[in-house]
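1. everything below, folded, please.
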Amino acid sequence: MHLFDPLVIRGVTIPNRVVVSPMSQYIAEEGVANDWHLVHLGRFALGGAGLVFTEATAVEARGRRTHGDLGLWSDTQIEPLARVARFVAEQGAVPGVQLAHAGRKASERRPWHGETPVDDEDVALRGEAPWEAIAPSALPYGEVWPAPTPMHTEDIAAVLAAFRDAARRAEAAGLEVIEVYAAHGFLAHQFYSPLANERRDGYGGDFEGRIRFALELADALREVWPERLALFFRLSLTDWVDEGWTLDESVELARRLGERGVDLIDCSSGGIGGPHRPRMPLGPGFMVPRAARVRREAGIATMAVGFIWDAAQADEIIRSGQADAVALARELLAEPNWPLRVARELGLDDDFGRWKPQFGWWLGKRERVVTKLGMRQAPAQPAKR
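-> This next block holds a predicted model:
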């Protein structure tokens, strides 16, 4: 098994194990996809990725992080996203969507406007007004953030219903994989992390109470998401903070999610926010051993993320069984054809046969000419393993 072997999950066949991680573009209007999203996501399909995820896509308007987020809270948002999904699928990749609710991180400015709460200045400059954020507890995301409105059980039920409705719209749009954004301080993470959840009802307190929302969310989605289609959860495996969420807890939550029809855990970390300063041991592939532990101990497929960009490293993650897929984000922004280039580097495509013929024919012709003229040596082939 290697990086370019297919990955079959339920009725979905992902042609290789390179996944385009969700990357927010902050350019939608009222949650509606546009030409930017078509080109942004379409180029990754042309570049050879196996699975292409949309950015975080809000299940209700108040669950957006910014005014520019994609959404699936309205039927009017289905067809524009379906247009993107059709193009991705036509190029041979699997289209996926990351469903999200920002909770207390909602009503934020775009990064280039400051990543601070939307306020009267945004109204004056951009006609963009703030909105009320909801969360498990009245704990603000950061120093300058207003306290969110604590959720009543009716609010929880409404959010679960919003996820169900968004899943139905995702199916109508032709998307084949749902990933729940339950990491990086988004709503589900706010429930399971003790650093953001001070509730004393059935959705807080001990481990069982704090994971209840995530488990009910998995159940809600599987009620409507077809059995043949894949369901992922992105978790922050640790908060990297004393007294915060731990890897041990993630292993158990992943096991429970698997029992409820979740197929794969996307293994990230951090991002809970608040006054806490995480201590991350950053480095190439720093989350890989943690993804391997979840895979081994929870008995569920995993996806590795975090400073993965080297071809041999990515391939070895799969060959060694540490994870079932690898996800890249910023590296693919810098090099959308990374999967195609890496396939050649690994000796799996010596004639540009993996490229679309509209590209590969030209590149193959140039390669033959420059090699014949001695302008470039033929690439060395790696040893067979």
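2. okay, CA-based contacts and neighbour counts for the rest of this
-> Will do.
3. the helix or strand bottoming out on mean pLDDT in the chain: which residues count as buried?
-> Each helix and strand of the chain was given a mean pLDDT (mean pLDDT, DSSP states H and E); the minimum falls on helix 357-372 at a mean of 92. By 16 or more other CA atoms under 10 Å, the buried positions in helix 357-372 come out as Gly364, Glu367.
4. return the alpha-carbon coordinates of that helix using CSV.
-> Coordinates of each C-alpha in helix 357-372 appear next as CSV, following Å, rounded to 0.1, in the frame of the first residue of the first chain:
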residue,chain,number,x,y,z
PRO,A,357,-3.6,14.8,-21.8
GLN,A,358,-4.1,18.5,-22.4
PHE,A,359,-1.2,19.0,-20.1
GLY,A,360,0.7,15.7,-20.2
TRP,A,361,1.1,15.6,-24.0
TRP,A,362,2.9,19.0,-24.0
LEU,A,363,5.0,18.2,-20.9
GLY,A,364,6.0,14.7,-22.3
LYS,A,365,7.0,16.2,-25.6
ARG,A,366,9.2,18.8,-23.9
GLU,A,367,10.8,16.2,-21.7
ARG,A,368,11.8,14.0,-24.6
VAL,A,369,13.3,17.0,-26.5
VAL,A,370,15.3,18.4,-23.6
THR,A,371,16.5,15.0,-22.6
LYS,A,372,17.6,14.2,-26.1
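5. gap between it and the chain center?
-> 35 Å (CA atoms, centre = their mean, to the nearest Å).
6. ok, now which ones touch the residue lying closest to Trp225 once chain neighbours are set aside?
-> Take Trp225 and drop its neighbours on the chain: the residue closest to it by CA to CA, 6 or more residues apart in numbering is Ala167, 6.2 Å away. Contact analysis of Ala167 by CA atoms under 8 Å, 6 or more residues apart in numbering lists Ile178, Leu221, Val224, Trp225.
7. mind redoing it with 7 Å?
-> With contact taken as CA atoms under 7 Å, 6 or more residues apart in numbering, Ala167 is in contact with Leu221, Val224, Trp225.
8. again, but for Gly205
-> Neighbour list for Gly205: Glu198, Arg199 [criterion: CA under 7 Å, 6+ apart].
9. mind checking which helix or strand Ile265 is in?
-> According to DSSP states H and E, Ile265 maps onto strand 264-268.
10. I misspoke; the intended subject was Leu99.
-> strand 94-100.
11. what are the C-alpha coordinates of that strand, in CSV please?
-> Provided in CSV are the C-alpha atoms of strand 94-100 (Å, rounded to 0.1, in the frame of the first residue of the first chain):
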residue,chain,number,x,y,z
VAL,A,94,-13.8,12.9,-5.1
PRO,A,95,-15.6,16.1,-4.0
GLY,A,96,-16.1,16.5,-0.3
VAL,A,97,-17.5,19.2,2.1
GLN,A,98,-16.4,20.2,5.5
LEU,A,99,-19.6,21.1,7.5
ALA,A,100,-18.9,23.6,10.3
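12. what is that strand packed up against?
-> For strand 94-100, the contact count by 3 or more CA pairs under 7 Å, 6 or more residues apart in numbering; DSSP states H and E identifies strand 51-58, helix 78-90, strand 177-182 as packing neighbours.
13. export those to CSV and tack on mean neighbour count?
-> Shown next, in CSV, are those (neighbours: other CA atoms under 10 Å):
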stretch, mean neighbour count
strand 51-58, 26
helix 78-90, 21
strand 177-182, 26
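14. out of these, nearest to Ala334?
-> strand 51-58 (15.8 Å; CA to CA).
15. strand partners of the next helix or strand after that closest one, parallel vs antiparallel please.
-> Later in the chain than strand 51-58, the nearest helix or strand by DSSP H and E is strand 70-71. Looking at strand 70-71 with DSSP bridges, its partner strands are strand 51-58 (parallel).
16. the partner strand to strand 177-182, inter-axis angle?
-> Taking axes from the mean of the first three to the mean of the last three CA atoms, to 10 degrees, one finds strand 51-58 and strand 177-182 inclined to each other by 50 degrees.
17. what does strand 51-58 contact?
-> Residues outside strand 51-58 that contact it (CA under 7 Å, 6+ apart) are 14, 18-24, 41, 45, 64, 69-73, 93-101.
18. with stretch 88-96 instead?
-> Contacts of stretch 88-96 (CA under 7 Å, 6+ apart): 14-15, 42, 45-46, 49-54, 85, 175-178.
19. can you give me the first-to-last residue distance of it?
-> For stretch 88-96, the first-to-last residue distance is 9 Å (CA to CA, to the nearest Å).
20. next: stretch 321-330.
-> Stretch 321-330 has its terminal residues 24 Å apart, counting by CA to CA.
21. average pLDDT for the helix ranked longest in the chain?
-> The single longest helix within the chain, with elements called by DSSP state H, is helix 153-172. For helix 153-172, the mean per-residue pLDDT is 98.
22. tilt between that helix and strand 94-100?
-> Interaxial angle, helix 153-172 versus strand 94-100 (the same axes, to 10 degrees): 170 degrees.
23. buried stuff in helix 153-172?
-> 156, 159-171.
24. show me the helices in the stretch 101-250 of the chain, by range?
-> Applying DSSP state H, counting those that start in this stretch to the stretch 101-250 of the chain gives helices spanning 120-126, 153-172, 187-192, 207-210, 212-224, 247-259.
25. quick one: low-confidence residue ranges for this structure.
-> For the chain, applying pLDDT under 70 flags the ranges 377-385.
26. domains in it, as residue ranges please.
-> Per automatic domain parsing, the structural domains of the chain span 7-349, 356-385.
27. show me how far the first one is from its chain's centre.
-> Pointing back at domain 7-349 there. Here domain 7-349 shows a centroid-to-chain-centroid distance of 4 Å under the convention CA atoms, centre = their mean.
28. quick one: end-to-end distance for that domain.
-> End to end - CA to CA - domain 7-349 spans 19 Å.
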